[in-house]
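Q: Turn this into a structure:
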Amino acid sequence: MPSLRKFAALCVTPVLAAAMALPALPQEPTAQGPTIKTSVNLVNLFVTVRDKSKRIVTDLKQDDFKVAEDNQDQKIAFFSKEVTLPITLGLLMDTSGSEQYMIGAIQDGASSFLNRVMRKGDEAMVMTFDLDVDLLSDFTDDRSQLNRAIRKAQINTGGGGGMVTPGTIPQSGSKGTNFYDALYLACNEKLSTEAGRKAVVVLTDAEDNGSKVRVEEAIEAAQRTDTVVHILLVYDPHYGANASIAKKITDETGGRMIVVNSEKHLQEAFDQISEELRSQYTLGYYPTNSARDGKFRKIKIDLANHDLKVLARKGYYAPKS
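A: As a prediction, this is how the structure comes out:
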């Protein structure tokens, strides 16, 4: 696992600067799912199911699920109820000027969330984004280190009442919030080498006016690394929020967007995400389309009980020869 110093050094090289300026080349997706299933041909899906009252449903069986890839039915080869499978988590905090009145609540909620959700075998990292992107803690299972990193987060507006920070991932000439860049880097540079269940939780108003990559590229980075993105839409009513972008990102990656407009709602939102991360089904199948063409494949999951709602990623990128 690269150290924070090594990561920071990497980020100032011309190579990374060029990578941030241009779309990423296609990568082979990281295998997702239980370690006992390591075949690159196996597609793993982590699925959360809720009823009409939004309660999580945990008593379903394999026969209750139906999976299709590009409208072709697939045979489920592996099924389990995942409670203890380790999670690799990225926590991304918006420290732009629009969050200056919310940062205290964000820090308190984030610390409480990690203390609640993390169990033995889990690891997490902490990043902030504003005019630049900062890695405050690399992956670790040390909750004290993660809590210290969360408390280091500072509002950075580049002037006025904000604090100017150098950034471990410099955004040369940036004049706005680098939300998409942060999500792209978290997935493409950090989570791409991790295995098993991977999730990113972002606390933001989802406004972006400074990133070098487009939102579609950030979403693709998450999809290629099998990362689920949850967004807690935390915002000051005076600034507003971009709910449509937040929903687009979470829908495409199998996560949830939760609107937060008070400290109480923030705590409730963290509780919901924590519950979902610990109450999932794992479905695995060997796709009937064996072409190694690197193309995106759409996935649709149906349930025998149509009153239940499925939360899962909507597709994946096939390996490329």
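Q: Residue 236 against residue 99, yeah?
A: Yes. With contact defined as CB atoms under 8 Å, residue 236 reaches residue 99; the gap is 7.2 Å. The C-beta positions use only the backbone N, C-alpha and C, and glycine is treated the same way.
Q: Residue 77 belongs to a strand?
A: Yes. Counting by DSSP: H, G, I helix; E, B strand; the rest coil, residue 77 is located in a strand.
Q: That one contacts residue 287, correct?
A: No. Judged on CB under 8 Å, residue 77 makes no contact with residue 287 at a distance of 10.4 Å.
Q: wait, what's in contact with the residue nearest to the spatial centre of the chain?
A: Nearest to the geometric centre of the chain sits residue 200, at 2.4 Å (CA atoms, centre = their mean). Applying CB atoms under 8 Å, 6 or more residues apart in numbering to residue 200 gives the contacts 89-92, 183, 186-187, 191, 222, 227-230, 255.
Q: likewise residue 206?
A: So residue 206 contacts 179, 231, 233, 241-243, 245-246, 249 (CB under 8 Å, 6+ apart).
Q: Narrow these to those in strands?
A: 231, 233 (DSSP state E).
Q: hmm, back to that, so what's the residue nearest to the centre of the chain closest to, chain neighbours aside?
A: residue 90 (4.2 Å; CB to CB, 6 or more residues apart in numbering).
Q: Show me which residues of the host helix or strand of that neighbour are buried.
A: For residue 90, the host element (DSSP states H and E) is strand 87-94. Across strand 87-94, burial judged by 16 or more other CB atoms under 10 Å covers 87-94.
Q: what about dumping the CA coordinates of it to CSV?
A: Provided in CSV are the C-alpha atoms of strand 87-94 (Å, rounded to 0.1, in the frame of the first residue of the first chain):
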residue,chain,number,x,y,z
ILE,A,87,-15.1,-3.1,3.0
THR,A,88,-12.6,-0.7,1.5
LEU,A,89,-14.0,2.8,1.9
GLY,A,90,-13.2,6.2,0.5
LEU,A,91,-14.5,9.2,2.5
LEU,A,92,-14.5,12.4,0.4
MET,A,93,-15.3,15.7,2.0
ASP,A,94,-16.2,18.9,0.2
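Q: So which elements touch that strand?
A: helix 103-117, strand 123-129, helix 143-152, helix 179-185, strand 197-204 (3 or more CB pairs under 8 Å, 6 or more residues apart in numbering; DSSP states H and E).
Q: which SS state does residue 287 fall under?
A: coil.
Q: and it, what does it touch?
A: 41, 43, 69, 74, 297, 318.
Q: Confirm for me that the fifth one is in contact with residue 318.
A: Yes. Applying CB under 8 Å, one finds residue 297 in contact with residue 318, separated by 5.8 Å.
Q: wouldn't residue 222 be in contact with residue 183 here?
A: Yes. Residue 222 is within contact range of residue 183, at 6.9 Å (criterion: CB under 8 Å).
Q: Residue 54 is in what secondary structure piece?
A: Using DSSP H and E, no helix or strand contains residue 54.
Q: How about the contacts made by the nearest residue to residue 108 once chain neighbours are set aside?
A: Distances taken as CB to CB, 6+ apart place residue 263 nearest to residue 108, at 7.6 Å, with adjacent residues excluded. Contacts for residue 263 (CB under 8 Å, 6+ apart) come out as 105, 108-109.
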